[in-house]
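Q: task: produce atomic coordinates for the following.
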Amino acid sequence: MSDSDPRAGDSVDRAKVEEFVQTESGGRAASGAAAVVLFVVPLLWSLFQLWIASPLPYIFEIGVFNSTESRSIHLAFATFLAFSAFPMIRGKHLDHVPIYDWVLALAAAFAASYLFVFYEELASRPGAPNTQDLIVALGGLVLLLEATRRALGLPLTIVAGVFIIYSLAGPYMPDVISHKGASLSKLASHQWLGTEGVFGVALGVSTSFVFLFVLFGALLERAGAGNYFIQVAYALLGHMRGGPAKAAVVSSGLSGVISGSSIANVVTTGTFTIPLMKRVGFPATKAGAVEVAASTNGQLTPPIMGAAAFLMVEYVGISYLEVIKHAILPAMISYVALIYIVHLEACKLNMQGIERLDRPTLAQRMLNWVVILLGLCVLTFAVYYGIGWMKDWLGAAAIWVLGPLLVLVYIGLVGYATRFPALEEDSPDKSMDELPPVGPTVKTGLYFLLPVVLLVWCLTVERFSPQLSAFWATVFMIFIVITQQPLKAFFHGHGQYGAKLKQGVVDLAHSLVTGARNMVGIGVATATAGIVVGTVTLTGIGLVMTQFVEFISGGNLLLMLIFTALISLILGMGLPTTANYIVVSTLMAPVIVTLGAENGLLVPLIAVHLFVFYFGILADDTPPVGLAAYAAAAISGADPIRTGIQGFTYDIRTAILPFMFIFNTQLLLIGLTGWFDLLVTIFSAVMAMLVFSAATQGFWMTRTRWWETVALLLISFTLFRPGFWWDMVYPPTQDRPGSELFQHVDDVPTGDPIVIQASGMSLDGDEVSKYLQLMLPAGESPEQRLAQAGLEVSPQGDQMVVDFVNFGSVAEQAGISFGWTIDSVQVGTDRPPKELMFIPALALLVVLGVGQYRRRARENAAAQPA
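A: Below you'll find the predicted structure:
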């Protein structure tokens with residue numbers, strides 16, 4: 001098949017696509033009794049997860065599980081399904097489950113549930129396991145590694161195995177990474193019989209947060225929201241140049257709300273979007289690459305960003321709302337840039353949009369957008385302030401009014417949807433010569449937005465936990481799945497309400513099963529990645545990594561970031577995003593923060609974790625093992641390696657973002673001073689990303705020359721980091737002697753940090769010097785404010801000597817120790833705003849634009865026939 005022929009190979013290789021679907025949800029399609037078990041067990045798992053997330057256990061005071069017990073049962077379900085749903089040898093025993101797999105499944109489930117079954121006994125002998133405990137723990141570790149191999153392949157299994165060997169063979173390791181070692185008993189107890197290893201934070205997040213969001217997505221998909229999002233995207237964008245590709249970007253972003261998995265995004269939306277992109281002129285490789293780039297970015301998009309985002313809540317110690325806030329601007333500009341890249345590709349190929357049935361004039365289109373925007377603003381304010389007023393007025397009774405009101409709105413929207421023709425199920429073989437009208441297409445599924453709105457409302461306004469927010473959104477989705485067909489039959493007057501209700505219950509059961517089977521890989525991945533976390537706490541390798549990375553990078557933060565990005569990409573070729581994030585963030589995030597501080601750059605922890613998160617996701621399209629690229633290639637018929645390479649060229653814009661927000665944290669909405677600052681940051685970031693996209697694609701208004709590409713990259717860098725140039729002229733801070741500490745403490749507002757340079761002896765006996773942020777509470781004097789922060793100092797020449805540090809105080813957490821000296825205080829300088837650098841950058845962009853416009857006009861004139 002020729003890759004240059006856009007119409008070649010439109011038929012989808014469904015066998016290959018099915019293989020990737022099985023990778024996500026279990027490799028067996030057994031029959032008979034095995035099929036019943038593989039239906040009932042995941043169904044029970046979903047019901048268990050809904051039960052522990054609900055308030056019902058506490059209302060009825062039955063079935064209350066603590067976090068350790070919940071994690072144990074969660075992993076028991078995951079490992080049982082890993083052995084029963086995935087064959088030992090890929091491609092073998094796909095239609096039945098051999099006896100030995102049932103035995104292994106039961107053994108793994110017992111080992112995983114051991115903490116639940118023998119919870120009281122284990123609590124009575126902490127750190128002193130008996131022979132039975134050790135046998136179960138060691139057997140559990142072996143079975144978990146095998147379950148991981150079956151569900152996710154060898155890479156994560158090998159990584160976990162290497163860390164186990166490292167724990168045992170510490171004394172025999174090279175000096176740079178050696179440690180005293182751990183006994184088999186200590187290893188088993190630490191990794192399996194407590195909450196430091198397998199049953200640690202990662203599995204806890206999978207148990208409490210992730211399962212419900214995956215289940216929420218499965219319910220949305222079963223209800224028809226996936227098809228609705230795709231059709232809406234095509235109706236809105238299909239008329240533009242490269243419209244199907246632009247619609248693929250938008251629909252994959254919307255699908256990210258449903259799945260949070262790049263491979264699932266590809267096989268869900270790609271079976272429809274990739275053939276359509278080929279039909280309008282995209283080569284097979286580029287059609288697959290656009291879908292890969294869009295789908296990998298789906299995991300970056302709030303409010304659902306994949307399992308790793310929920311882990312950030314625990315690892316960084318901030319709320320999920322804060323994670324969303326920091327992640328939203330990079331995700332937004334990344335998607336805007338991908339749509340622009342698709343537009344540039346369409347311009348290169350001189351594509352036209354697909355004809356729309358309703359052809360509104362430009363004035364009508366502008367009026368429609370204005371009406372929609374104004375309508376959304378009015379609706380948002382009405383809902384926000386209206387519900388707020390009702391809550392104040394009704395108090396505790398508000399839920400009994402707002403709940404039925406939400407149901408009435410849902411019923412009204414379903415009735416409204418029945419006035420328009422139902423959407424056809426998308427098909428890759430269906431011709432798309434004309435686009436459906438926007439209005440009727442959008443109106444047929446407005447009620448699908450209600451559970452998403454409810455989820456966002458609970459997260460952002462009510463400030464519920466992610467678990468409780470997902471629970472209420474999932475409960476509402478369950479109600480929709482059961483009732484939407486009977487309601488449509490009622491409004492159409494078709495009757496057969498009982499049959500429609502029965503179909504809704506069947507759809508619900510299948511959704512619960514699908515959600516649970518989609519969780520098998522995540523469940524075992526988070527448990528196995530916990531082995532890596534447990535090894536770090538057992539061996540102290542975290543401190544070793546600091547020294548090792550500092551040695552390799554020479555203390556250069558940029559080299560350290562490049563090293564971390566490469567580790568994430570290499571590990572991500574074989575590890576799921578979640579496991580990759582856990583491994584790399586556990587090892588590298590503290591190192592980057594520590595070494596950055598020692599070199600004068602105070603990097604927020606959330607920035608480092610998002611850095612690792614981004615590169616873990618990008619590994620999904622990185623050759624030679626980018627699974628998302630392989631899934632797209634199975635649909636497009638192109639070479640998977642070429643698809644991955646092309647996808648990564650599109651994703652260069654996403655790869656550059658983490659480096660930018662490490663050095664310019666305003667991109668994460670950190671350190672902004674007001675609305676104007678926010679608008680300037682958004683404008684400059686979007687403009688910088690569009691310019692960068694044009695530079696990397698070698699095309700703007702026409703093909704760029706090499707010097708224009710260099711100029712565009714320079715403009716983009718300046719818009720992303722205006723401070724880089726401005727700091728050369730106007731340093732942002734100056735270091736004042738440590739003896740002036742009290743004077744500058746007086747100038748710091750309550751709750752703000754002061755930056756100091758401190759030096760002293762580390763726990764290893766090495767002399768260190770680093771910059772630290774010290775949060776200062778209120779106080780009547782500088783001495784009292786420092787004492788409130790846990791620090792007592794006295795002057796000694798140009799320095800301050802640390803006389804006392806309270807244990808557990810802000811000062812102690814910042815890394816200051818008794819006997820250290822405060823050498824200097826970092827003080828901000830009065831200088832013009834760094835954003836003035838935007839003026840020459842934008843002026844140069846205008847000059848380049850004028851030149852490109854004139855050259856394009858000359859090229860068009862030369863192309864006209866004489």
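Q: show me where the stretch 651-800 of the chain has helices.
A: Along the stretch 651-800 of the chain, counting by DSSP state H, counting those that start in this stretch, helices occupy 652-663, 675-697, 706-720, 722-729, 741-745, 782-788.
Q: count of residues packed around residue 186?
A: A total of 15 residues lie near residue 186 under the criterion other CB atoms under 10 Å. In short, each C-beta sits where N, CA and C put it, glycine included.
Q: how near is it to residue 202?
A: 21 Å (CB to CB, to the nearest Å).
Q: tell me which element residue 802 falls in.
A: strand 799-805 (DSSP states H and E).
Q: show me what the following helix or strand past that strand is packed against.
A: Using DSSP H and E, the next helix or strand after strand 799-805 towards the C-terminus is helix 810-814. When contacts are defined as 3 or more CB pairs under 8 Å, 6 or more residues apart in numbering; DSSP states H and E, helix 810-814 sits against strand 767-775.
Q: now do the strand it packs on: everything it contacts.
A: Outside strand 767-775, the residues that touch it by CB atoms under 8 Å, 6 or more residues apart in numbering are 594, 597-598, 600-602, 751-762, 789, 791, 810-811, 814-816, 823, 826.
Q: given that strand, what are its sheet partners and their directions?
A: strand 753-761 (antiparallel) (DSSP bridges).
Q: let me know the angle separating the strand it pairs with from strand 799-805.
A: 90 degrees (axes from the mean of the first three to the mean of the last three CA atoms, to 10 degrees).
Q: in strand 753-761, which residues are buried?
A: Residues 754, 755, 756, 757, 758, 760 are the ones in strand 753-761 that count as buried (16 or more other CB atoms under 10 Å).
Q: and which of those residues is nearest residue 843?
A: Set against residue 843, the nearest of those by CB to CB is residue 755 (34.6 Å).
Q: next secondary structure after the strand or helix carrying residue 57?
A: According to DSSP H and E, residue 57 maps onto helix 56-60. As assigned by DSSP H and E, the chain's next helix or strand after helix 56-60 is helix 67-85.
Q: quick one: average pLDDT of that following helix?
A: Taken as a whole, helix 67-85 has an average pLDDT of 93.
Q: what angle do helix 67-85 and the helix or strand just after that helix make with each other?
A: Moving toward the C-terminus from helix 67-85, the first helix or strand encountered (DSSP H and E) is helix 99-112. Inter-element angle recorded for helix 99-112 and helix 67-85: 170 degrees (by the same axes, to 10 degrees).
Q: what residues does helix 99-112 touch?
A: Contacts for helix 99-112 (CB under 8 Å, 6+ apart): 72, 75-84, 87-88, 93, 117, 136-137, 139-140, 143-144, 146-147, 192.
Q: between the two ends of stretch 825-841, how far is it?
A: 34 Å (CA to CA, to the nearest Å).
Q: do you know how far residue 290 is from residue 111?
A: Taking CB to CB, one finds residue 290 at 44 Å from residue 111.
Q: and these two? Which one has more around it.
A: residue 290 (32 against 24).
Q: tell me how far that one lies from residue 481.
A: 32 Å.
Q: ok, now residue 669?
A: For residue 669, the distance to residue 481 - CB to CB - is 36 Å.
Q: residue 435: which of the buried residues of strand 753-761 is nearest?
A: residue 755 (55.8 Å).
Q: and that closest one, what is it in contact with?
A: With CB under 8 Å, 6+ apart, residue 755 has these contacts: 602, 733, 771, 772, 773, 774, 825, 826.
Q: show me where the protein has its strands.
A: For the chain, the strands defined by DSSP state E cover 355-356, 434-435, 733-737, 753-761, 767-775, 791-796, 799-805, 821-828.
Q: so for the third one, mean pLDDT?
A: Averaged over strand 733-737, pLDDT sits at 84.
Q: just how off-centre is that strand within its chain?
A: Mean-position distance between strand 733-737 and its chain equals 39 Å (CA atoms, centre = their mean, to the nearest Å).
Q: other residues contacting it?
A: Contacts of strand 733-737 (CB under 8 Å, 6+ apart): 744, 755, 757, 798, 799, 824, 825, 826, 827, 828, 829.
Q: go again using 7 Å as the cut-off
A: The contact list for strand 733-737 (CB atoms under 7 Å, 6 or more residues apart in numbering) reads 744, 757, 798, 824, 825, 826, 827, 828, 829.
Q: would you check how far apart the last one and residue 415 are?
A: Relative to residue 415, residue 829 is positioned 63 Å away (criterion: CB to CB).
Q: about what we covered before: turn the contacts of strand 733-737 into TSV, including pLDDT.
A: Converted to TSV, the contacts of strand 733-737 look like this (pLDDT from 0 to 100):
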residue	pLDDT
744	82
757	84
798	76
824	86
825	86
826	83
827	83
828	79
829	82
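Q: of those, buried ones?
A: 744, 757, 824, 825, 826, 827.
Q: which two from the residues you listed end up farthest apart in space?
A: For these, the maximum inter-member distance is 12.6 Å, found between 744 and 757 (CB to CB).
Q: thought residue 448 was touching residue 222?
A: No. Residue 448 lies out of contact with residue 222 (CB atoms under 7 Å); the separation is 11.6 Å.
Q: for the closest residue to residue 754 other than its chain neighbours, phi and psi?
A: Nearest residue to residue 754 in three dimensions, chain neighbours excluded: residue 748, at 4.9 Å (CB to CB, 6 or more residues apart in numbering). Taking degrees, to the nearest 10, you get phi -90, psi 120 for the backbone angles of residue 748.
Q: what does the pLDDT read for residue 748?
A: So, for residue 748, pLDDT stands at 79.
Q: and for it, the neighbour number?
A: Neighbours of residue 748 (other CB under 10 Å): 18.
Q: please tell me how far it sits from residue 458.
A: 36 Å.
Q: what's the answer for residue 520, then?
A: Where residue 458 is concerned, residue 520 sits at a distance of 27 Å (CB to CB).
Q: for these two, work out which one has more neighbours and name it.
A: Legend: neighbour count by other CB under 10 Å for residue 520 and residue 458, higher for residue 520 (28 against 19).
Q: the more buried one and residue 79 touch, don't they?
A: No. Counting by CB under 7 Å, residue 520 stays clear of residue 79, with 8.7 Å between them.
Q: who's in contact with stretch 465-475?
A: 53-54, 208-209, 212-213, 215-216, 219, 310, 313, 320, 451, 454-455, 458-459.
Q: make it 8 Å
A: By CB under 8 Å, 6+ apart, the list of residues contacting stretch 465-475 from outside reads 50, 53-54, 208-209, 212-213, 215-216, 219, 310, 313, 320, 451-452, 454-455, 458-459, 462, 464.
Q: which among those residues end up buried?
A: Buried, going by 16+ other CB under 10 Å: 50, 53-54, 208-209, 212-213, 215-216, 219, 310, 313, 320, 451-452, 454-455, 458-459, 464, out of the contacts of stretch 465-475.
Q: just checking, which of those belong to helices?
A: Counting by DSSP state H, the buried ones among the contacts of stretch 465-475 place 50, 53, 212-213, 215-216, 219, 310, 320, 451-452, 454-455, 458-459 in helices.
Q: count of neighbours near residue 417?
A: Count around residue 417 with other CB under 10 Å applied: 22.
Q: show me what contacts it?
A: With CB under 8 Å, 6+ apart, residue 417 has these contacts: 443, 444, 445, 446, 447, 488.
Q: cool, and residue 859?
A: residue 702 are the contacts of residue 859 under CB under 8 Å, 6+ apart.
Q: how close does it sit to residue 801?
A: Distance from residue 859 to residue 801, by CB to CB: 71 Å.
Q: just checking, residue 530 touches residue 203?
A: Yes. Applying CB atoms under 8 Å as the test, residue 530 and residue 203 come out as touching, 5.7 Å apart.
Q: please put the alpha-carbon coordinates of stretch 804-823 into PDB.
A: The C-alpha trace of stretch 804-823 is given here as PDB (Å, rounded to 0.1, in the frame of the first residue of the first chain):
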ATOM      1  CA  PHE A 804      17.400  26.500  67.200                       C
ATOM      2  CA  VAL A 805      15.000  24.800  64.700                       C
ATOM      3  CA  ASN A 806      11.700  23.400  65.900                       C
ATOM      4  CA  PHE A 807      11.000  19.800  64.900                       C
ATOM      5  CA  GLY A 808       8.300  19.600  62.200                       C
ATOM      6  CA  SER A 809       8.200  23.400  61.800                       C
ATOM      7  CA  VAL A 810       8.200  25.200  58.500                       C
ATOM      8  CA  ALA A 811      11.900  25.900  58.800                       C
ATOM      9  CA  GLU A 812      12.800  22.300  59.500                       C
ATOM     10  CA  GLN A 813      10.700  21.200  56.500                       C
ATOM     11  CA  ALA A 814      12.500  23.700  54.300                       C
ATOM     12  CA  GLY A 815      15.800  21.900  55.200                       C
ATOM     13  CA  ILE A 816      17.400  24.300  57.700                       C
ATOM     14  CA  SER A 817      19.300  22.600  60.600                       C
ATOM     15  CA  PHE A 818      20.900  23.700  63.900                       C
ATOM     16  CA  GLY A 819      24.300  25.300  63.400                       C
ATOM     17  CA  TRP A 820      23.700  26.400  59.800                       C
ATOM     18  CA  THR A 821      24.300  30.000  58.800                       C
ATOM     19  CA  ILE A 822      22.100  32.200  56.800                       C
ATOM     20  CA  ASP A 823      24.500  33.800  54.300                       C
END
